[in-house]
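[1] Return atomic coordinates for the entry below.
(2 chains)
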Amino acid sequence: MSVATIIAIVLVIGAVGYLAGMARARTIVGGETARLHSRPGYYGSFILVWAVLPALLLLAAWSVVAPTLIDGQVRASIPESVSVEQSATQQNLSINIVEAIADGLRLLDERELQQATAGFVLLRPLLAEKGVALAGNGEDWMIASAQQLNSLEDANILWKSIAIIGLSLVGFAAGFFQIRAQLRARNRVEGVIHASLVLASTVAILTTVGIVLSMVSETGRFFSSVPPQEFFFGTVWDPRFANAEDPDAAGQFGLIPLLAGTLYIAFVAMLVAVPIGLFAAIYMAEYAGSRFRSIAKPLLEVLAGIPTIVYGFFALVTVGPFLRDLSGQIASIATGDFNSFISATSVLTAGLVMGIMLVPFVSSLSDDIISAVPRAMRDGSLGLGATRSETIKRVILPAALPGVVGALLMTASRAIGETMIVVMAAGVAARLSINPFEPMTTVTVKIVSQLTGDLEFTSPQTLVAFALGLTLFFITLALNVYALYIVRKYREQYE
Amino acid sequence: MTDASLTTGTAPTGARSHRRDIGLKARYAAERRFRAYGLAAIALGLFFLFLLLGSVIAQGYTAFWQTSIQLDVNFDQEVIDPDGNRDNDRMVLLTANYPLLAQRALHEKLGVDPDDRAARRDANSLLSQGVRTQLRDMVVTDPSIIGTTRSVWVLAHGDIDSAAKGQFDLTVEESRRRVNDRQLGFMQALEDEGAMQGRFNTGLFTFGASSRPETAGMGVAIIGSFYMMLIVLVLALPIGVAASIYLEEFAPKNRLTDIIEVNINNLAAVPSIVYGLLGLAVFINFAGLPRSAAVVGGLVLTLMTLPTIIIATRAALKAVPPSIRAAALGVGASKMQMVFHHVLPLAAPGILTGTIIGLATALGETAPLLLIGMVAFVADYPATPFDPSTALPVQIYMWSGQAERAFVERTSGAIIILLLFLAVMNITAIILRRRFERRW
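    Modelled structure (predicted):
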């Protein structure tokens, strides 16, 4: 019986319980539901909870524990002569073969099974016929192990079904016999709902804890092979390839070139986004009529809704080649030959496109903040004879400055964490350079490139991605916490 | 021009000449400049928007047409099943030489001399390699067509497709082109006959991964994305709503709820790639879920979307006026009844809007999916969320790495489809908001 069937049966029991609870509550008071403590539906829900909740909790616990127990049993079944010789990895490989055999054995009929159990040599062609390909290095003892595995799994499924459906029925009965007219069914049911609400709100905390713990532990493993000072202060990024024969052949993992590229590209992006975004926000908040605003603002915000992969593609096939050809034209005017000095993937390309993406972030956030500056300050300044632009420059912007700075910091944190645009448009060469026309690479690009392809989670080449991720997480976190702090402080001033 | 009119407008006349010059002219000029900067900034932003959309559409709209060739294919028994053995061995029908059938039909149509090897080769390369599966599927579903002649539209090769759409520069020397002059002649002949047409490209929506542009489609990616959105909806919506209800209606003001609040705000700003690392470490390495599976992608996107949904839901709950709550409590509802019977239904449109926008963001997200192995060459439809699949944006990423012109077109086409999905979702959200928004 599959897990889905078990869950379905439990739910059916629960549904029956709901109806039974309502009916039971009604009969107890002889139809005068006013004499019940709660409305009949709550008595139904009361049984539903009793029938479903403990059973599903048990199912979850069982699904976590049982596989480890079975695995332990199967490992114990490996003959001692073999298990002593084998390393942990070899043992895992053997277990994989055993599992494959076990799956295959289920496809055989009685007569074939007799043949097959004679030895691995006979088994292999039999299973190949059924479409189960086995690795060549199987041994005879594996068949016994596989049979044991199968019987264990059969027993597991049988007992799991009995236990869970049994518990569900017991819960049903327990709930059913508790029903009295004075049972505080509503309070009990609401208590369960309340508990699940609390549980849901802790998911956010669990996510954070998960992020930090998973990255810290992997980063710790990384630092056990590469010292932290080499990572944080190294100026060369050259991880080499993960090498199975010689796992110590680690390259150099210097963070500095990646961080420099990240900050440089983010800087260029801000250079594009801040003036455009800020001026757009000022115009929207101070000059634009409501008709213009109601059209231009959503249109500009469309830019924020476009997925970053689209920006990446735009940079890759439109902006990059355009800048390259443009620079070729300029070079030909200046020097006479078409040596384009901007590469197709460059800091400039990535920064420019990222800047476009960030315009709506800057403009919406600043727009809100500028609009929040009290009317009285504006009127006072205009009343004294200042022009609008003077009011904006001398009164409104200084008043909104902390908020605007907060908005810019949030935008910067987005620029630093942005991935797809830089993956497609910034290049992969990790180098330190101040020339914006050349490719540079970023932290996010390297996380992606270290973690795509075949992975082995023991080498520093893959683990470094977690160290990079943790660095990125803390940089963006710091920027955001600081930005939120500024914005909050500012808001209090005018409230 | 404005300067000139300004000068005439404020030219010192006799009556005003005694007034002190307080720099009004310069100040007004500065005012106009400032205003123009603002307008220019908005114009620039919108220009970029239209440039972005324009370039994608200009490169991609042709992807919805695929050049096809009409052939009268003779399903020759001699070629498909020379030994008449197909009833005993199903492999016969699966492995027969179907391209030969199409090639023969094409040679006949073009009148190619069967002994001219070069001409034959040029003619053969008009056809997509996909004809093998196309004809095979026809025969396998209906073996009775063996021995008959049918008129079939088959896919043209990707290069021929690009040439037919005018995407190749034909002035380039013949040897450096992907399509030679003889093939162009063939194409002309076929077109004159009406046997070569651009037909609506259904394959773009139904095919799986392929290294040949004409048989590459987004079918697998669409299904993968659909599974992920389903998982996000099923998990993130209830959890997000429950969390917001607790925080907004029940939570006591204490350290713990404060921490949760700050936490949610910060989670909303964590770079998406960090969620990918989380998914890799927790769901794949620790929990042992399969790589490349939609279920892992769905879980990662769920965690990513949760803060968005929580923030939107809390805003919607806050917007329900306290009088509703007081009235419900006043007639004897419990707090739970007040929330679930009165506040939540009133907040539902706002919650729905926030959820749809969160889903739209999740649909376009690429970076975390790269880390959990969704960058996979998957040709078969995933039957369950646990099977390998890819997602729409990841498919776009993979195609964008291909060099052929036909793939650039397809990438843009895929982007158009993705943007259409997003547009539909966002417009739905806007309509919902307009329709059900209540001002209290």
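[2] residue ranges of the helices in the stretch 51-200 of chain A, please?
    Assigned by DSSP state H, counting those that start in this stretch, the helices in the stretch 51-200 of chain A fall at A:80-85, A:88-105, A:110-116, A:120-129, A:141-178, A:185-225.
[3] For the residue of the stretch 151-300 of chain A found nearest chain B, which non-adjacent residue is spatially closest?
    Closest approach of the stretch 151-300 of chain A to chain B (Cβ to the nearest Cβ) occurs at residue A:283, with a separation of 2.9 Å. (Each C-beta comes from the backbone N, C-alpha and C, glycine too.) Nearest residue to residue A:283, sequence neighbours excluded (Cβ to Cβ, 6 or more residues apart in numbering or on different chains): residue B:38, at 2.9 Å.
[4] Please identify the helix or strand for the one you found.
    When elements are assigned from DSSP states H and E, residue B:38 belongs to helix B:24-60.
[5] what residues does the stretch 51-200 of chain A put near chain B?
    Selection of the stretch 51-200 of chain A residues close to chain B by Cβ under 8 Å from any Cβ of the partner chain yields A:186, A:190, A:193, A:194, A:196, A:197, A:198, A:199, A:200.
[6] quick one on the thing from earlier: what residues are up against the residue nearest to residue A:283?
    Residues in contact with residue B:38, defined by Cβ atoms under 8 Å, 6 or more residues apart in numbering or on different chains, are A:279, A:280, A:282, A:283, A:286, A:287.
[7] what about 10 Å?
    Contacts for residue B:38 (Cβ atoms under 10 Å, 6 or more residues apart in numbering or on different chains) come out as A:278-288, A:389, A:392.
[8] Give me the neighbour count for the residue of the stretch 51-200 of chain B found nearest chain A.
    Across the stretch 51-200 of chain B, no residue is closer to chain A than residue B:55, which sits at 4.7 Å (Cβ to the nearest Cβ). A total of 17 residues lie near residue B:55 under the criterion other Cβ atoms under 10 Å in any protein chain shown.
[9] And the pLDDT for it?
    Confidence at residue B:55, expressed as pLDDT, is 91.
[10] Verify the stated contact: it with residue B:408.
    No - the pair residue B:55 / residue B:408 is not scored as a contact, 11.0 Å apart, by Cβ atoms under 10 Å.
[11] Overlap of the contact sets of these two?
    Here residue B:55 and residue B:408 share the contacting residues A:313, A:317, scored by Cβ under 10 Å, 6+ apart.
[12] re the thing from before, distance of the residue of the stretch 151-300 of chain A closest to chain B from residue B:339?
    43 Å (Cβ to Cβ, to the nearest Å).
[13] Next: residue A:110.
    From residue A:110 to residue B:339 the distance is 61 Å (Cβ to Cβ).
[14] same question, residue B:249
    The value you get for residue B:249 to residue B:339, if Cβ to Cβ is used, is 5 Å.
[15] again with residue B:194
    From residue B:194 across to residue B:339, the span is 67 Å (Cβ to Cβ).
[16] between these two, which one's more packed in?
    Neighbour count, other Cβ under 10 Å: between residue B:194 and residue B:339, residue B:339 has more, with 23 against 8.
[17] how many neighbours does residue A:364 have?
    Look at residue A:364: counted by other Cβ under 10 Å, it has 19 neighbours.
[18] Excluding covalently adjacent residues, which one is nearest to it?
    Setting aside the residues directly before and after it, residue A:364 is nearest to residue A:301 in space (Cβ to Cβ, 6+ apart), at 6.4 Å.
[19] Identify the residues contacting the helix or strand hosting that neighbour?
    Secondary structure assigned from DSSP H and E places residue A:301 in helix A:290-305. Residues from elsewhere that reach helix A:290-305 (Cβ under 10 Å, 6+ apart): A:276-277, A:280-281, A:283-285, A:287-288, A:311, A:356-361, A:363-364, A:367, B:39, B:41-43, B:45-46, B:48-50, B:52-53, B:357, B:360-361, B:364, B:419, B:422-423, B:425-426, B:430.
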